[in-house]
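**Student:** Build me a model:
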Amino acid sequence: MKLVEPPSCHSSSAIVFVGKNRRGQWVVQEQNGLYGGLFVSRAQAAKYALFENGHHPETIVELAREIELDMGGATASPGDAPVRRVA
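**Tutor:** This is a model prediction of the structure:
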């Protein structure tokens, strides 16, 4: 049996940005910095974004401008669920 980690996003209304950084890597970044990552291909970035946002393609925005992965906005309070950083 293959174990699969559940998505870290609990709200389908969160916007997820997908685009390339200045080095040509694909970046996924949730609007509040709750999750994100760097990817070699657009397909892998899109797959990750869909998995993390609970399969809501309407909340994924592909950017024409450069985007850099910034996990600085993801802070956890003592009562919050742990923040998973993927970079």
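
**Student:** For A64, which residues are in contact?
**Tutor:** Applying C-beta atoms under 8 Å, 6 or more residues apart in numbering to A64 gives the contacts G19. Placement of C-beta: from N, CA and C, glycine included.

**Student:** Recalculate using a threshold of 6 Å.
**Tutor:** Listed by C-beta atoms under 6 Å, 6 or more residues apart in numbering, A64 has no contact partners.

**Student:** Please report how far it lies from H55.
**Tutor:** Separation of A64 from H55 (C-beta to C-beta, to the nearest Å) stands at 24 Å.

**Student:** go on, R23?
**Tutor:** The gap separating R23 from H55 is 29 Å, by C-beta to C-beta.

**Student:** ok, now V16?
**Tutor:** In terms of C-beta to C-beta, V16 sits 12 Å off from H55.

**Student:** now swap in I15 and tell me
**Tutor:** 15 Å.

**Student:** More neighbours: the two, which one.
**Tutor:** A side-by-side neighbour count of I15 and H55, using other C-beta atoms under 10 Å, places I15 first with 13 against 10.

**Student:** Unless I misread the structure, A45 falls within a helix.
**Tutor:** Yes: A45: assigned to a helix according to DSSP: H, G, I helix; E, B strand; the rest coil.

**Student:** hang on, Q31 packs against A49?
**Tutor:** No: using C-beta atoms under 6 Å, Q31 is not in contact with A49; the gap is 11.8 Å.

**Student:** more crowded one of these two?
**Tutor:** The neighbour count for Q31 versus A49, taken as other C-beta under 10 Å, is higher for A49 (28 against 13).

**Student:** Just confirm the more buried one is within a helix.
**Tutor:** Yes: under three-state DSSP, A49 falls within a helix.

**Student:** I'd assumed Q29 was in contact with it.
**Tutor:** No: when contacts are counted by C-beta under 6 Å, A49 is not listed as touching Q29 (9.2 Å).
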